[in-house]
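Asks: Sequence and predicted structure, then a few things I'm wondering about:
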Amino acid sequence: MLRSILLALSVVAAPALADTVTVDTFDGPVEVETNPDTIAVFDIAALDTLGALGITADGAVAPLYLPYVEETAGDATVVGSLFEPDMEAVAALGPDLIIAGGRSQKAVPQLARMAPTLDMTIWDDAVGEGLARLDAYGKIFGKEAEATALRADFETKLEAAKAAVAGKGKALIVMTNGPKVSAYGAGGRFGWLHTALDLPEVIDGVEQTTHGEAISFEFIKEADPDILIVIDRLVAIGREGESARTTLDNALVRDTTAWKTGNVVYVDSGALYIAGGGIQSMNRILDQFIDTFGDG
């Protein structure tokens, strides 16, 4: 009798084994426990997608730059910045899971000593990797149905955006940083705007660097794009300075086909530059192309 009682008590006292799932990360497939109680997030693209799934963070970086992402963070404890974690704040929070990546990628080894840490960097393929992250968060947080619905909505919107730009000509992606201008090609960090939309490049072989290829206004005029896609870095990071509209409003750029036809798209720079690959970020950009080039 006593042995039976002791056996029963030992079963009650034994910790329940947590369920795990295998998800895709920057480092490849990783096994992670599901439904963590407390999470700290060091990646704004992750906060973007988590917010779309209805998941709030317990700890998050600051500043977040994007109002819609701030809603996901809510009253989250500030655990540092994108580039420098506050390890004391992380320790005090005691997260069960840390999600990092992108601008916080260098801190992943340090964070991994505090709690299980996923490197969810999105870099080579914004759409493919962004959707993989969506699927991963759905599995981890028991939101697979929601993730599936978000993926389906995105894919429908992507097809609508592709149809909207079809036959509209060739495009050039530029980013302004005050008076400075750089160009990005299909192989660069914003290249999904070419590849996912089947939008041809007006210039092949644009230098593929993190900050783009420095160009002149003469370069833009000679390229003569049918569509000019503009990212304003100062707007994206909330700094004052010469806006993209001011920088590009000159005789050389005004002489391009894109300018003359009104096909200059000033994209949601914060969403694209800060939260690239987040599901809400990508949807916002697609909406702009549909609104600009669609028939409705």
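Replies: On my side now, so go ahead.

Asks: From what I see, L66 and Y273 are in contact.
Replies: No - contact status for L66 versus Y273: not in contact, 10.0 Å apart, counting by Cβ atoms under 8 Å. (Each C-beta comes from the backbone N, C-alpha and C, glycine too.)

Asks: more crowded one of these two?
Replies: The residue with more neighbours, out of L66 and Y273, is L66; 25 against 21, by other Cβ atoms under 10 Å.

Asks: From K170, how far out is the nearest residue to that one once chain neighbours are set aside?
Replies: Distances taken as Cβ to Cβ, 6 or more residues apart in numbering place G270 nearest to L66, at 5.1 Å, with adjacent residues excluded. For G270, the distance to K170 (Cβ to Cβ, to the nearest Å) stands at 26 Å.

Asks: what's the answer for V23, then?
Replies: Distance from V23 to K170, by Cβ to Cβ: 38 Å.

Asks: if I read this right, T256 contacts K221, doesn't it?
Replies: Yes - using Cβ under 8 Å, T256 is in contact with K221, at 6.1 Å.

Asks: who has more neighbours, those two?
Replies: Comparing T256 with K221 by other Cβ under 10 Å, the one with more neighbours is T256, at 24 against 17.

Asks: which residues does that one contact?
Replies: I220, K221, A223, D224, P225, L228 (Cβ atoms under 8 Å, 6 or more residues apart in numbering).

Asks: now with 6 Å?
Replies: T256 is in contact with D224, counting by Cβ atoms under 6 Å, 6 or more residues apart in numbering.

Asks: cool, and E70?
Replies: Applying Cβ under 6 Å, 6+ apart, the residues near E70 are L64.

Asks: Just give the number of residues close to the closest residue to I203 other than its chain neighbours.
Replies: Computed as Cβ to Cβ, 6+ apart, the closest residue to I203 that is not its neighbour in sequence is A223, at 5.0 Å. Residues near A223, counting by other Cβ under 10 Å, number 21.

Asks: Going forward, the N-terminal residue is numbered 53.
Replies: Yep, numbering from 53; the last one is A275 now.

Asks: quick one on the thing from earlier: check which helix or strand the residue nearest to L118 maps to.
Replies: helix 321-326 (DSSP states H and E).

Asks: ok, residues contacting that helix?
Replies: I96, Y117, L118, I283, D284, V287, A288, S333, R336, I337.
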